[in-house]
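Enquirer: With the sequence up front, the predicted model follows.
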Amino acid sequence: MSRIGKQKIPYPETVKVSQAGDRVVVKGPNGELSGKIHPFLSIQIDSDGVQVEKDPEQRKADALSGLTRTLIANMVKGVTEGYKRELEIVGVGYRAELAGDALNFQLGYSQKINFPLPKGISAEVPKPTQIVLKGIDKALLGQTAAKIRDLRKPEPYKGKGIKYVEEKIRRKVGKTGAK
């Protein structure tokens, strides 16, 4: 049984939550997000929160209620506060720069890499080795950060590459000379 799915999702007065068919629409000061609701579920919207209700005859509905509740809560947080993801570039000569709505990387390859940012994601480059991504859609922000990290994953010997700021790279010991 999902305990998360039974909890009500509170939202401030600045946020408007509505249902249009099988979609839930969340509007707030930072923008608008929408998501699909599974046919096994329904939502009840009132002034003090949103409640996800499930069809008791469907086994899968229990798990889906917790997932749907979390996705709606992420939408509410996104349109009120927004999300932020920080990346760090490690390596001599590795750097990034912001050019309009795209990021340009120098990551040790023969060519520069141009990475266009998706709509709804903004980036800041406070230092050439630091990238701050911001957006209201948590899933899109995480996917964009993962794609940027995939351009040059951190390697375990020297730790060179693009990593999340909070990520710890497990380092390996290199070869040692013959004794």
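Expert: That came through, no problem.
Enquirer: Contacts only, for the spatially most central residue of the chain.
Expert: For the chain, the residue nearest the mean C-alpha position is Gly142 (2.9 Å; Cα atoms, centre = their mean). Contact partners of Gly142, counting by Cβ atoms under 8 Å, 6 or more residues apart in numbering, are Arg85. For every residue, glycine as well, the C-beta is placed using N, CA and C.
Enquirer: Can you give the contact residues for the longest helix seen in the chain?
Expert: The helix that spans the most residues within the chain, counting by DSSP state H, is helix 60-80. Applying Cβ under 8 Å, 6+ apart, the set of residues contacting helix 60-80 from outside is 1-7, 9, 11-12, 14-15, 17, 24, 26-35, 37-38, 40-41, 43, 50, 52-55, 83, 135-139.
Enquirer: Quick one, which of those are buried?
Expert: 2, 5, 9, 11, 15, 17, 24, 26-28, 30, 33, 35, 37-38, 40-41, 43, 50, 52, 54-55, 83, 135-138 (16 or more other Cβ atoms under 10 Å).
Enquirer: Return the subset of those residues lying in strands.
Expert: Counting by DSSP state E, these place 17, 24, 26-28, 33, 35, 41, 43, 50, 52, 54, 83, 135 in strands.
Enquirer: Tabulate the residues you listed (CSV), appending distance to Ile89 and pLDDT.
Expert: Shown next, in CSV, are those (distance: Cβ to Cβ, whole Å; pLDDT from 0 to 100):
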residue, distance to Ile89, pLDDT
Val17, 39, 93
Val24, 38, 95
Val26, 34, 95
Lys27, 36, 95
Gly28, 32, 94
Leu33, 30, 95
Gly35, 33, 94
Leu41, 42, 91
Ile43, 42, 91
Val50, 40, 92
Val52, 40, 90
Lys54, 45, 87
Tyr83, 21, 97
Gly135, 20, 96
